[in-house]
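**Student:** pasting a predicted model and its sequence here:
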Amino acid sequence: MQMEGLAESISASVERTPMERGVAKQRLLNTQVLCKFNATLYFANSDAADSFIDWYLDDIRCIGWFEVRNPRNGKLLTVRFEEGKVGDLSPVDDSAYDSRRAVVMEYIR
């Protein structure tokens, strides 16, 4: 996982009610929140990229949960790919041996 392109976001479960005057009222809907982070996966060769697809299709079957270490703080997270999607595989240079794939992972906190 590369630090380039790493981004984290939190989707708080909040209900917001506008008021005729003053600030809107807000209340929490859930005690847990959905957190997401965007990451770029780097593959040093085509075998590594193929192994990833085998793991993605056969082991976690696109939607399964798995553990990954957050590169920002080193904490172990149980995550899944958002909507079961992994991004396009793109070559890093003209040789096409090494490649990268942009993904969005989500977890509950």
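**Tutor:** It's in. Numbering: from 1, shown residues only.
**Student:** tell me the contacts of the closest residue to Ser11 other than its chain neighbours?
**Tutor:** Using CB to CB, 6 or more residues apart in numbering and skipping the chain neighbours, the partner closest in space to Ser11 is Leu34 (4.6 Å). Any C-beta I mention is one placed from the backbone N, CA and C, and that applies to glycine too. Listed by CB atoms under 8 Å, 6 or more residues apart in numbering, the contact partners of Leu34 are Ile10, Ser11, Ser13, Glu106, Tyr107, Ile108.
**Student:** let me know the closest of those residues to Val68.
**Tutor:** Proximity of the contacts of Leu34 to Val68 (CB to CB) peaks at Tyr107, which lies at 9.0 Å.
**Student:** low-confidence regions, this structure specifically.
**Tutor:** 96 (pLDDT under 70).
**Student:** now do the strands in it.
**Tutor:** Taking DSSP state E, the strands of the chain run over residues 2-11, 14-17, 25-28, 34-43, 66-69, 76-81, 89-91, 99-108.
**Student:** and the fifth one, what other elements does it pack with?
**Tutor:** Strand 66-69 sits against strand 76-81, with contacts defined as 3 or more CB pairs under 8 Å, 6 or more residues apart in numbering; DSSP states H and E.
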